[in-house]
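Peer 1: Okay, here's the prediction I keep looking at, along with the sequence it came from:
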Amino acid sequence: MTNPKRDDSDFKNIEKVVIKALEKYQKNSKELKSSDDKVQSSFLELGEQLVNASDKLTRKTFKQLKENTAKELGTNGIRNIDKVVSVAKATHLKKYSDRLPSSWGTLAVLTSLKSEKLDEFMLDTTITKEITRTELIKKVKKFKNPNVVVKEKFLFIKPLENKDITEEDKSIIKTLLENSGWCLHEPKTKTSNAQEEQVSNEPDA
């Protein structure tokens, strides 16, 4: 089977479709919580439209389209776009959609498993729609290295007195932690004295 010839003749129409998917995601993001299924599914839809574009456009033009889309998303834009595109490309995940969470960030953890390995993983592992990304990372690590004990380390970041950690602060911390092997996690409970954020040494997926 030969690969379809790529050209940029239909770029304007392809760009319109991607922009429409991006606007839908941005609208849902403003109106709903980031964990809402509609927000997650609209971002996955954006990823699918970018995958469709990658099949039709030349590499140079697609790269520019992806970068332009990422700029609209702000901090970590290109990183998140790459993740959601990898999820959209991993079509073998779809047959387990009834067991997998809707979060594209959580689904991205599974893109490192090829089709046969995913089948084996899903057969041997208890996975539900409620599983968190942190829990899934642990399970994938254990599956890949069954004899390795995964140890958790936490760094607690406490803000100055009478000052809460803002969303902007979290975004800055996440950016600084990129490629460090550590990532930011929301605490399940807040301390009585001040809000704390946990940073674990689990790699971003």
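Peer 2: Everything's here; your move. Not measured: the values here are computed from a predicted model.
Peer 1: residues contacting the nearest residue to Arg6 once chain neighbours are set aside?
Peer 2: Distances taken as CB to CB, 6 or more residues apart in numbering place Thr58 nearest to Arg6, at 5.2 Å, with adjacent residues excluded. Where C-beta positions appear, they are placed from N, C-alpha and C, glycine not excepted. Contacts for Thr58 (CB atoms under 8 Å, 6 or more residues apart in numbering) come out as Arg6, Asp7, Asp8.
Peer 1: Apart from its chain neighbours, what residue comes closest to the second one?
Peer 2: Which is Asp7. Thr58 (6.7 Å).
Peer 1: got it, and the last one?
Peer 2: What sits nearest to Asp8 in space, not counting adjacent residues and going by CB to CB, 6+ apart, is Thr61, at 4.8 Å.
Peer 1: what helix or strand does the residue nearest the centre of the chain sit in?
Peer 2: Nearest to the mean C-alpha position of the chain, by CA atoms, centre = their mean, lies Gly105 at 2.7 Å. Using DSSP states H and E, Gly105 sits in helix 104-107.
Peer 1: again with Asn28
Peer 2: helix 11-31.
Peer 1: What is that helix packed up against?
Peer 2: Using 3 or more CB pairs under 8 Å, 6 or more residues apart in numbering; DSSP states H and E, the elements in contact with helix 11-31 are helix 37-56, helix 59-73.
Peer 1: want to throw those into CSV with mean neighbour count, mean pLDDT and distance to Ser171?
Peer 2: Shown next, in CSV, are the helices and strands packed on helix 11-31 (neighbours: other CB atoms under 10 Å; pLDDT from 0 to 100; distance: least, CB to CB, whole Å):
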stretch, mean neighbour count, mean pLDDT, distance to Ser171
helix 37-56, 19, 90, 17
helix 59-73, 15, 89, 12
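Peer 1: one step back: pLDDT on the helix holding Asn28, on average?
Peer 2: Helix 11-31 carries an average pLDDT of 92.
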